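Q: Have a look at this prediction, sequence included:
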Amino acid sequence: MTMLRFAGSIFRPCGIVAFLGRILVDISPELWYSYNDCAKVGFPSPVEGEQLLEVRPVRTARERKQFLTFPWHLYRNDPLWVPPIMRERATISDPSRGPFFRNGDAEFFIAWEGRRAVGTICCAEDRANTAFKQHPECMIGFFECEEDYRIAEALFDQAEDWSRRRGMGSIYGTYNLEREDRRGVLVDGYDRPAPILCGHNPPYYSGYFERFGFGLDFDDGLAYALDIDLNAPQFKRAARLAETVRKRRNFTVRGANMNDLDGEIENIRELQNRALSHLDGYTPYSREDIEAMVLPLRDLADPELILFAEADGKAVGWFPAVPNFNEILIRLNGLRYPWDYLRALRYRNAKPTGIAVKSVVLLPEYWDTGVIVLLVDEMARRAAERGYTWADLSLTGEKNPDTRIFALHMGASVYKRYRFYRKMVAG
């Protein structure tokens, strides 16, 4: 969710002077690169003949820059790639600043072919996950590589070695040191850019994981696309059902109270953990997890699209939506260079066409009471009033029957599929 904080800092209303001032504040000089620097930081053109391939840990500031900027090399000709915000990428991976490191450890690696960086991976231990499962596991993320299985194999070998040395029995991922942002490996859906908080990768990644012996970890994460058309039969039906529920039950729907964020965060933590605990492999959300998910919304979200359902004044459901700012961020190069901030000025008043719904949770005792219909009808009306024409619903587990049924009834279709992998590590 951390990308949301930086998107919000760019697009929220402010004066031109304040905006230009952010350029000097937000961009660290260590992240300024000229286009002529590519060869200097490890991306020279390939040379004839096979070079020695080795994987080494990131140790120096120069190598850290190479790790951070590698995706710009890999995706330079991919029109669907939405660059991550460079400064946020640097923060997430910095042990002195990244939230993950409050309760976790990580090490970063680069695969080299001669002088050329050809891949990256991060190996980490999430100590909250270790405490919950009572044994350590290796979480991998920031996996990128050129189209050569030897590179992926070398990176995965490094992850296995890292795991063995720490007594870890399995590797799982991908997670980029965050629970929600750009998780999983895209395996289907290469016809349009990813929505906010979802990732993008080359089609060959899944084959590399599976060739090395990784298998499916629980189930795939699905992204649904839904056209918002209040005149469509499914929306009219939802409106009729919602009106019936309003008359028969004492349920209400409200927007988020941004003046009581502590209370709302606690509501969300309880809702997430009680509503999702029945899913296979579910790991409870901590207070810190929810804060990382919610606090960035202060700068970006419309509180009237962060919906809570209540019964007798108690929160029983949560249905949040945020603007799909990836529609704009795809044009800004991750704010990697100072002039990218100047380019952002052109888009300060731009509005995405879509919203992204990142969670649909309802307490189990209210699953069959019609609360979900109230939330859907209210969200559709509010989104349409604000000019949004489509909604992304992501990511939801393929084995989650409630979300699947709801999505199909509303006419949504799967447009992206992300896979989560796991591999046992031999001792």
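A: Thanks, I have it. Numbers count the residues shown, from 1 in each chain.
Q: Mark out where each domain of the protein begins and ends.
A: What automatic domain parsing lists as the domains of the chain is 2-220, 223-417.
Q: how far away is the nearest residue to residue 83 once chain neighbours are set aside from residue 119?
A: Counting by CB to CB, 6 or more residues apart in numbering, residue 83 lies nearest to residue 334, which is 3.3 Å off, once chain neighbours are set aside. The C-beta positions use only the backbone N, C-alpha and C, and glycine is treated the same way. Between residue 334 and residue 119 the computed distance is 19 Å (CB to CB, to the nearest Å).
Q: re the thing from before, select from the domains of the chain the stretch with the lowest mean pLDDT.
A: When these are compared by mean pLDDT, domain 2-220 comes last with a mean of 85.
Q: Now do that one: distance to the chain's middle.
A: Here domain 2-220 shows a centroid-to-chain-centroid distance of 12 Å under the convention CA atoms, centre = their mean, to the nearest Å.
Q: Need phi/psi at the residue most central in space within the chain.
A: A centroid search over the chain (CA atoms, centre = their mean) returns residue 181, at 2.0 Å, as the residue closest to the centre. Per-residue torsions, residue 181: phi -90, psi 120 (degrees, to the nearest 10).
Q: how deep is the closest residue to it other than its chain neighbours tucked in, by neighbour count?
A: Excluding the flanking residues, the one nearest residue 181 by CB to CB, 6+ apart is residue 197, at 5.2 Å. Neighbour count of residue 197, defined by other CB atoms under 10 Å: 24.
Q: next one: the one 4 residues further on
A: Look at residue 201: counted by other CB under 10 Å, it has 24 neighbours.
Q: can you give me the strands for the stretch 1-150 of the chain?
A: Secondary structure of the stretch 1-150 of the chain, counting by DSSP state E, counting those that start in this stretch: strands at 53-57, 104-113, 116-126, 138-145.
Q: quick one, the last one and strand 104-113 angle?
A: Using axes from the mean of the first three to the mean of the last three CA atoms, to 10 degrees, the interaxial angle of strand 138-145 with respect to strand 104-113 works out to 30 degrees.
Q: Also the longest one?
A: Inter-element angle recorded for strand 116-126 and strand 104-113: 160 degrees (by the same axes, to 10 degrees).
Q: Using CSV, list the CA coordinates for strand 116-126.
A: This file holds the C-alpha atoms of strand 116-126, laid out as CSV (Å, rounded to 0.1, in the frame of the first residue of the first chain):
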residue,chain,number,x,y,z
ARG,A,116,26.3,-7.1,-16.5
ALA,A,117,23.4,-7.2,-14.0
VAL,A,118,20.9,-9.8,-15.3
GLY,A,119,18.6,-10.5,-12.4
THR,A,120,17.6,-9.7,-8.8
ILE,A,121,16.1,-11.4,-5.8
CYS,A,122,15.4,-10.7,-2.1
CYS,A,123,15.4,-13.4,0.6
ALA,A,124,13.6,-12.5,3.8
GLU,A,125,12.2,-13.8,7.1
ASP,A,126,9.0,-12.3,8.4
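Q: about what we covered before: ok now do the residue nearest to residue 83, which residues does it touch?
A: Each residue near residue 334 by CB atoms under 8 Å, 6 or more residues apart in numbering is listed here: 72, 83-86, 89, 340.
Q: could I get those as JSON lines with neighbour count and distance to residue 384?
A: Listed next are the contacts of residue 334 as JSON lines, based on neighbours: other CB atoms under 10 Å; distance: CB to CB, whole Å:
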{"residue": "72", "neighbour count": "18", "distance to residue 384": "37"}
{"residue": "83", "neighbour count": "19", "distance to residue 384": "31"}
{"residue": "84", "neighbour count": "24", "distance to residue 384": "31"}
{"residue": "85", "neighbour count": "26", "distance to residue 384": "30"}
{"residue": "86", "neighbour count": "25", "distance to residue 384": "35"}
{"residue": "89", "neighbour count": "23", "distance to residue 384": "35"}
{"residue": "340", "neighbour count": "18", "distance to residue 384": "33"}
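Q: what pairs with the nearest residue to residue 215 once chain neighbours are set aside across the strands?
A: Leaving out its chain neighbours, the residue that sits closest to residue 215 by CB to CB, 6+ apart is residue 422, at 6.2 Å. The partner list for residue 422 in beta bridges (DSSP bridges) reads residue 172, residue 215.
Q: where's residue 422 relative to residue 165, distance?
A: In terms of CB to CB, residue 422 sits 19 Å off from residue 165.
Q: which of those two has more neighbours?
A: residue 422 (15 against 8).
Q: Check the gap between residue 239 and residue 127 for me.
A: 47 Å.
Q: for residue 247, same thing?
A: Counting by CB to CB, the gap from residue 247 to residue 127 is 50 Å.
Q: neighbour count winner among the two?
A: Neighbours were tallied for residue 247 and for residue 127 using other CB under 10 Å; the higher tally belongs to residue 127 (14 against 7).
Q: so who does that one touch?
A: Applying CB under 8 Å, 6+ apart, we find residue 127 in contact with 103-105.
Q: Hmm, the residue nearest to residue 181 is touching residue 357, no?
A: No: counting by CB atoms under 8 Å, residue 197 stays clear of residue 357, with 10.9 Å between them.
Q: what is in contact with the two at once?
A: Here residue 197 and residue 357 have residue 394 as joint contacts, going by CB under 8 Å, 6+ apart.
Q: can you pull the contacts of residue 412?
A: 224-226, 391, 393.
Q: Could you do residue 154 as well?
A: 53-55, 111, 119.
Q: can we see that at 6 Å?
A: 53, 55, 111 (CB atoms under 6 Å, 6 or more residues apart in numbering).
Q: Just the element for it, please.
A: For residue 154, the host element (DSSP states H and E) is helix 149-165.
Q: For that helix, buried residues please.
A: 150-156, 158-160, 162-163 (16 or more other CB atoms under 10 Å).
Q: what's the neighbour count on residue 290?
A: Neighbours around residue 290, by other CB under 10 Å: 21.
Q: Just confirm it contacts residue 269, I think it does.
A: Yes: using CB atoms under 6 Å, residue 290 makes contact with residue 269 at a distance of 4.7 Å.
Q: For the helix or strand where residue 372 lies, which helices and strands make contact with it?
A: Using DSSP H and E, residue 372 sits in helix 371-385. Counting contacts by 3 or more CB pairs under 6 Å, 6 or more residues apart in numbering; DSSP states H and E, helix 371-385 packs against helix 233-248, strand 251-254, strand 306-311, strand 314-323.
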